[in-house]
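Undergrad: Below are the sequence and a predicted model; questions follow.
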Amino acid sequence: MSNKHPSTRRVAMAKRLASKWISAHSSPEYRLTIYRGSAKTSNLPALLRSFRDGKLRIATATPVPDLGIQPEFDHVVVRSSDYDALNTLDVAVRKLGCETSGVY
């Protein structure tokens, strides 16, 4: 075995390079948790996918092309980089009778 230790200069350069790459390739992500409350929202993930694809309209909300949908047992987590679009979706889903966590 060799007793070589990594150079602190190389480690610092690698950390700076990783930091630059992450800041260049990342974007903010906002989440909205929708809790399934009534019988008319039983197929909520499919409705949200149709909304994302532009096949379905939900109140005055405009389709969000980067909408990520993660179905869970009793709720659906929706992700997007568009804060305003998620807020309008939040208002529209509350009018349907679902409870939400609010956009965070």
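TA: Arrived safely, thanks for sending.
Undergrad: Please count neighbours and contacts with C-alpha atoms only from this point.
TA: Fine.
Undergrad: what about the closest residue to His75 other than its chain neighbours, how many neighbours?
TA: Once flanking residues are discounted, His75 sits nearest to Tyr35: 4.2 Å by CA to CA, 6 or more residues apart in numbering. Tyr35 is flanked by 20 other residues according to other CA atoms under 10 Å.
Undergrad: Would you confirm that Tyr35 contacts Leu96?
TA: No. Tyr35 sits out of contact with Leu96 when judged by CA atoms under 8 Å, with a separation of 11.6 Å.
Undergrad: ranges for the strands of this structure?
TA: Along the chain, counting by DSSP state E, strands occupy 30-35, 68-71, 75-80, 99-103.
Undergrad: Including distance to Val91, could the ones you listed go into CSV?
TA: Below are the strands of the chain laid out as CSV (distance: least, CA to CA, whole Å):
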stretch, distance to Val91
strand 30-35, 11
strand 68-71, 17
strand 75-80, 14
strand 99-103, 9
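Undergrad: Could you list the low-confidence segments of this structure?
TA: For the chain, the stretches with pLDDT under 70 are 1-3, 38-41.
Undergrad: Just the C-alphas of stretch 46-61, formatted as CSV.
TA: Provided in CSV are the C-alpha atoms of stretch 46-61 (Å, rounded to 0.1, in the frame of the first residue of the first chain):
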residue,chain,number,x,y,z
ALA,A,46,-53.8,10.7,-14.2
LEU,A,47,-55.8,14.0,-14.1
LEU,A,48,-52.6,15.9,-13.3
ARG,A,49,-50.7,14.2,-16.1
SER,A,50,-53.4,15.1,-18.6
PHE,A,51,-53.3,18.7,-17.3
ARG,A,52,-49.5,18.8,-17.8
ASP,A,53,-49.8,17.5,-21.3
GLY,A,54,-52.5,20.1,-22.2
LYS,A,55,-55.3,17.6,-22.7
LEU,A,56,-57.3,18.8,-19.7
ARG,A,57,-58.0,22.2,-18.2
ILE,A,58,-58.2,22.9,-14.5
ALA,A,59,-60.0,26.1,-13.8
THR,A,60,-57.9,29.1,-14.8
ALA,A,61,-54.5,27.3,-14.4
